[in-house]
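>>> mind looking at a prediction? Sequence and model below.
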Amino acid sequence: MPHKKFSLEIESDPNNLLTVEEFVNYFAREIGIKEEKISGLILSVTEATTNAIIHGNKKNTGKKVKIDVSTEGHTLKITVKDEGIGFDPSLIPDPTKPENLLKDSGRGLYLMKVYMDDIKFNITPDGTETILVLNY
């Protein structure tokens, strides 16, 4: 199966999340991801992008979020990169603990872990990368 690559760059504005959803829907269908996996994929990528916009770039529209997508065999790799200073994933509260169940935020990482086969964070000098991996 040939490698495929897709890329999208947006300003750090939550209004751009609809564009991200359309982008994910497009490449998911283009590479033949099964219908039942697409909604979880869209949710995961938009959550990663939301984190990049709000937490990474602090909604600074002068900063960009770049989404790079590549396939290798039946593995899909999506990198969502912001221009922020990074964070420690171990400090994010567990949303399944009783004291966190009613909180508005904090579910994004949990949902990404549910729907993706792997999730990694790469803190670089010029931004944080959230790397999502899905076997399809």
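Good, I have the coordinates. Residues are numbered from 1 along each chain as shown.
>>> which secondary structure element of the protein has the lowest mean pLDDT?
helix 108-115 (a mean of 92; mean pLDDT, DSSP states H and E).
>>> for the protein, what's the longest helix?
Longest helix of the chain, by residue count under DSSP state H: helix 35-51.
>>> now residue 136. Nearest residue, chain neighbours left out?
residue 33 (4.8 Å; C-beta to C-beta, 6 or more residues apart in numbering). All C-beta atoms are positioned from the backbone trio N, CA, C, and that covers glycine.
>>> hang on, the earlier thing: list the helices and strands the least confident helix or strand of the chain packs on?
On a contact count with 3 or more C-beta pairs under 8 Å, 6 or more residues apart in numbering; DSSP states H and E, helix 108-115 meets helix 35-51, strand 118-124, strand 127-135.
>>> who are the packing partners of the helix or strand following the longest helix of the chain?
Remark: after helix 35-51, the chain's next helix or strand is strand 64-72, criterion DSSP states H and E. When contacts are defined as 3+ C-beta pairs under 8 Å, 6+ apart, strand 64-72 sits against strand 5-11, helix 17-31, helix 35-51, strand 75-81.
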